[in-house]
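*Asks:* the sequence isn't on hand, but the structure is:
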């Protein structure tokens, strides 16, 4: 009655590798987004961002940009 046994699962090496790489990429993207949000939050708290910022002009175009001076 060997035909009634459930087949043994053999993991696919390539599939496992692709899934692992995909998970690592998603984690990397998530960490980058969290870091960007944390940086924006700190800048907002410091008064560099927002409607009433000292670095804002009418129309929402601020003259303070990261790494650039205008």
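*Replies:* Arrived safely. Worth saying up front: this structure is predicted, and the values here are computed from it rather than measured.
*Asks:* end-to-end on stretch 40-49?
*Replies:* Using C-alpha to C-alpha, to the nearest Å, the end-to-end distance of stretch 40-49 comes to 8 Å.
*Asks:* show me where the chain has helices.
*Replies:* Listed in chain order, the helices of the chain (DSSP state H) span 13-45.
*Asks:* low-confidence regions, it specifically.
*Replies:* Within the chain, the segments meeting pLDDT under 70 span 1-2, 50-70.
*Asks:* if you set the cut-off to 90 instead, what comes out?
*Replies:* 1-12, 40, 42-70 (pLDDT under 90).
*Asks:* residue 32 - how many residues pack around it?
*Replies:* Using other C-beta atoms under 10 Å, residue 32 is surrounded by 10 other residues. Heads up, the C-betas are built off the backbone N, CA and C, glycines and all.
*Asks:* for residue 27, give its distance to residue 19.
*Replies:* Relative to residue 19, residue 27 is positioned 13 Å away (C-beta to C-beta, to the nearest Å).
*Asks:* contacting residues around residue 40?
*Replies:* residue 49 (C-beta atoms under 8 Å, 6 or more residues apart in numbering).
*Asks:* quick check: the gap between it and residue 25.
*Replies:* Residue 40 sits at a distance of 23 Å from residue 25 (criterion: C-beta to C-beta).
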